[in-house]
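Visitor: Based on what follows, work out the 3D shape:
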Amino acid sequence: MPRRFIEEDPFQRYTKKKTIFHTQLRAKLVVQRNDQQYILVMAPLHSIDQVPNQVQNYVSNLLRLTHPNLIAVYEAYIWKDRCYWIMEDWTGGVRRGLGCSNEKEVAGIVQALCSAIRCMHEQGVVH
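Guide: Numbering: from 1, shown residues only. Got it, this is the predicted structure:
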């Protein structure tokens, strides 16, 4: 059974630690729960009653994708007029250090990316 949005305020479960960026419509924050840091992404939504199936399917796909070269999405919330995604904390720098010094390192990164894309395709995600 695909996972869906949790219809509650994510700030009841997570504590804001730092703002990465914030505009009128969107925000990325570092949040914490039980001594673990995550990224919270916030985006506008017109109405909870008007969540299209396409958005629900997108969220279900994000929540079920697991691969070491994909940033994990753990939870998705709808609260008032916003959607929230709780993601793996990627603020420590470029994921898995992409500073390459030779062709062998580049080949390893290309192999990891292809593996991540294959994982998405096998799970029916079109990008």
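
Visitor: The closest residue to Arg33 other than its chain neighbours: how many residues sit nearby?
Guide: Closest residue to Arg33 apart from its sequence neighbours, by Cβ to Cβ, 6 or more residues apart in numbering: Tyr14 at 4.9 Å. Backbone N, C-alpha and C define where each C-beta goes, glycine included. Around Tyr14 there are 22 other residues, counting by other Cβ atoms under 10 Å.

Visitor: Tell me how far Tyr14 lies from Ile117.
Guide: Tyr14 is 30 Å from Ile117, where distance means Cβ to Cβ, to the nearest Å.

Visitor: where does Gln32 fall, phi/psi-wise?
Guide: Backbone torsions for Gln32, taken as degrees, to the nearest 10, come to phi -140, psi 150.

Visitor: what sits against it?
Guide: 14-15, 17, 38 (Cβ atoms under 8 Å, 6 or more residues apart in numbering).

Visitor: go with 10 Å
Guide: Counting by Cβ atoms under 10 Å, 6 or more residues apart in numbering, Gln32 touches 14-18, 38, 40, 89.

Visitor: Got the confidence number for Lys80?
Guide: Listed pLDDT for Lys80 reads 84.

Visitor: now swap in Met87 and tell me
Guide: As predicted, Met87 sits at a pLDDT of 90.

Visitor: next one: Val55
Guide: Looking at Val55, its pLDDT is 68.

Visitor: Would you mark the buried spots in the least confident helix or strand in the chain by mean pLDDT?
Guide: When the helices and strands of the chain are compared on mean pLDDT, DSSP states H and E, helix 53-64 comes out lowest with a mean of 73. By neighbour count with 16 or more other Cβ atoms under 10 Å, helix 53-64 contains the buried residues 55-56, 59-63.
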